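Novice: predicted model, plus sequence, below.
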Amino acid sequence: MKTMIRSIVIAFLLTGFFVSGCLKEKGKREYEMQLLFDNGEVYKDDGTLDETKLSEYDGKAVYTTVFNDYYFLKVNDKLICSGPLIIINGKHGDIYFEGAYTRKGRAYIVDDGYFEVIWRDDAGDPLTNSVLTGKWTLKRK
């Protein structure tokens with residue numbers, strides 16, 4: 001009897017681990033992120049996405065390897081993030097992202113996110129007229 005109960009418990013645990021593993025995006029597929037600036041500039045980058053749990057945050061986050069390896073916190077059906085932005089042509093600054101996401105299967109999709117960038121000089125000071133805004137998108141390739 002104990003062996004049968006133990007086998008049932010193990011089967012439930014293994015099923016739970018399998019199902020929870022299937023519900024997370026694990027960085028196996030490429031994603032494309034686009035920054036569509038209001039002034040017409042467009043920056044694109046490809047990378048992976050990995051859903052993870054942050055120990056210091058009571059919730060989940062999405063880790064991406066696009067642009068600067070951002071951690072997006074999942075808050076009320078939105079992805080939010082802030083951090084440094086470095087573009088290949090030498091531009092650098094700070095960026096803030098916010099965007100509602102949807103999921104189709106395990107894939108995350110952001111169609112109409114908002115971002116704001118503060119471009120900075122080499123000393124880290126904001127440039128004149130340096131605050132730019134735009135839309136960002138994220139989709140699985």
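Specialist: Perfect, thanks for sending it. Since this is a predicted model, take the numbers as computed values, not measurements.

Novice: which stretches of the protein aren't confidently modelled?
Specialist: 1-24, 26-27, 54-59, 88 (pLDDT under 70).

Novice: how about the helices of it, start to end?
Specialist: If DSSP state H is used as the criterion, the helices of the chain fall at 2-22.

Novice: now do the strands in it.
Specialist: 31-37, 42-47, 49-53, 60-64, 71-75, 78-86, 92-100, 102-104, 107-120, 126-140 (DSSP state E).

Novice: which residues does residue 103 contact?
Specialist: residue 109 (CB atoms under 8 Å, 6 or more residues apart in numbering). For glycine as for every other residue, the C-beta is placed from the backbone atoms N, C-alpha and C.

Novice: export the strands of the chain to JSON lines and tack on distance to residue 25?
Specialist: Listed next are these as JSON lines, based on distance: least, CB to CB, whole Å:
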{"stretch": "strand 31-37", "distance to residue 25": "9"}
{"stretch": "strand 42-47", "distance to residue 25": "12"}
{"stretch": "strand 49-53", "distance to residue 25": "5"}
{"stretch": "strand 60-64", "distance to residue 25": "8"}
{"stretch": "strand 71-75", "distance to residue 25": "12"}
{"stretch": "strand 78-86", "distance to residue 25": "12"}
{"stretch": "strand 92-100", "distance to residue 25": "16"}
{"stretch": "strand 102-104", "distance to residue 25": "9"}
{"stretch": "strand 107-120", "distance to residue 25": "7"}
{"stretch": "strand 126-140", "distance to residue 25": "8"}
